[in-house]
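Asker: predicted model, plus sequence, below.
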Amino acid sequence: MKVRGVGISVTIFVEFEIESGDNGLPTKSFIRNAAMESTQLKLIGQASDGCQDAWSRLISLYEPLVYGWLRRHDVTHHDAEELTQDVLSVVVRELPKFSHSGNPGAFRCWLRQITANRARGFWRAGKLRPKATGETLFVEILQQLEDDHSEISRRWDRDHDQYLLRQALEKVKTQFEPGTILAFERFLFAGIPAPQVANELGLSVGAVYTAKSRVLRKLRKEVEGLVDDSFFD
């Protein structure tokens, strides 16, 4: 399988060992439940089952997210590329063992922990030297990244959720009028108050809220279970 993006082109060979149950049928390490119905959750499940196309799409989806986070924390381009590749290699190796709890953000948290762990491993091996942050501060950032309740972790979660929503929006935006998409982006992503968005676009405030509701209803089918439910309130 080719992993491409952010200047990376590396071949990863994936081997899957599937245990057989008493009935001779393969058992699944990836647990599905009623919550796992969104497009992206299905993609994770398909990748876990060994689908090469799903693997390629999953890597392409998450590679820019990991790389971007590292670059925002002063990791050099070269180091960020290598570390991103390492993180994704761990995802490839460990995903068949990953059990989704059914709680929103379970995969997001798992990926965050892998990123923090592999970044610390690179730093200890002398393969990672943040150019501006400083080593002591960077180690503190990694410690916070592993803490589910830290501001750094909450920021990772927000960045992850908005990133997935933006990716999903690219898939569905042709199903809406351009004005609806613009109102949605200005209101939800830019955080501009509904009255101001309405004034900018010549819409009623109600139309802005309607745009948000209609687009989110479509996006829910794409990313539900991977992002916080608060995005759909």
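Answerer: Great, that's in hand.
Asker: kindly report the domain assignment for this structure.
Answerer: Domains of the chain are assigned by automatic domain parsing as 1-17+27-146, 172-233.
Asker: make CSV out of these and add mean pLDDT and distance to Asp157.
Answerer: Placement of C-beta: from N, CA and C, glycine included. Formatted as CSV, the domains of the chain follow (pLDDT from 0 to 100; distance: least, C-beta to C-beta, whole Å):
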stretch, mean pLDDT, distance to Asp157
domain 1-17+27-146, 77, 6
domain 172-233, 91, 7
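Asker: so which residues of this structure form helices?
Answerer: Listed in chain order, the helices of the chain (DSSP state H) span 39-48, 52-72, 77-94, 106-124, 135-146, 151-172, 178-184, 194-201, 205-223.
Asker: between those, which one is closest to Ser230.
Answerer: helix 151-172 (9.0 Å; C-beta to C-beta).
Asker: helices or strands up against that closest one?
Answerer: In terms of contacts (3 or more C-beta pairs under 8 Å, 6 or more residues apart in numbering; DSSP states H and E), helix 151-172 is packed against helix 39-48, helix 52-72, helix 106-124, helix 135-146, helix 205-223.
Asker: could I get those helices as TSV with distance to Leu169 and mean neighbour count?
Answerer: Shown next, in TSV, are those (distance: least, C-beta to C-beta, whole Å; neighbours: other C-beta atoms under 10 Å):
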stretch	distance to Leu169	mean neighbour count
helix 39-48	13	20
helix 52-72	14	18
helix 106-124	18	19
helix 135-146	26	15
helix 205-223	6	17
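Asker: centre-most residue in the chain?
Answerer: His160 (4.7 Å; C-alpha atoms, centre = their mean).
Asker: where's that one relative to Ala125, distance?
Answerer: Between His160 and Ala125 the computed distance is 26 Å (C-beta to C-beta, to the nearest Å).
Asker: great, nothing more from me.
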